[in-house]
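J.: Pasting the sequence and the predicted coordinates here, then a few questions.
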Amino acid sequence: MSKFGELINLEVPILLDFYGDGDDSSKAMHPVLRDVAAAIGDKGKVIKINVDQNNELSEALRVKGLPTLMIYKSGEMVWRQSGEQDANTLINLINDFI
């Protein structure tokens, strides 16, 4: 969890994708997130977190539905949504926090 604290304290927006290997909606988000990462470049970060391998963190953040997307900036959660999102929506959201 200390690594998580360091990660979310960055000055750039961090998009977290909580996903499950067996979840079809999570799989559908993989190419979308690649597009988002390519579009924002070094102005932000996109990080995928497997809920099965990060149970403690997922429970602490009350991740119920998959995928769950969150944006953190300077240690504060500024946006959260469960379910699939399109690349343009996510890019615009991240740009709002740059």
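T.: Sure, I can see it. Numbers count the residues shown, from 1 in each chain.
J.: What sits closest to G75 if chain neighbours are left out?
T.: Distances taken as Cβ to Cβ, 6 or more residues apart in numbering place N9 nearest to G75, at 4.4 Å, with adjacent residues excluded. From N, CA and C alone the C-beta is placed, and that goes for glycine too.
J.: Can you tell me how far the one you found is from P67?
T.: 23 Å (Cβ to Cβ, to the nearest Å).
J.: Please say which of the two ends up with more neighbours.
T.: P67 (27 against 13; other Cβ atoms under 10 Å).
J.: Model confidence at the more buried one, what's the number?
T.: P67 is assigned a predicted lDDT (pLDDT) of 98.
J.: nearest residue to G44 other than its sequence neighbours?
T.: P13 (4.3 Å).
J.: Spit out the contact partners of the most centrally placed residue in the chain.
T.: Centroid-nearest residue in the chain, with Cα atoms, centre = their mean: L16, separated by 1.6 Å. The neighbours of L16, taking Cβ atoms under 8 Å, 6 or more residues apart in numbering as the test, are I47, K48, I49, L69, M70, I71, Y72.
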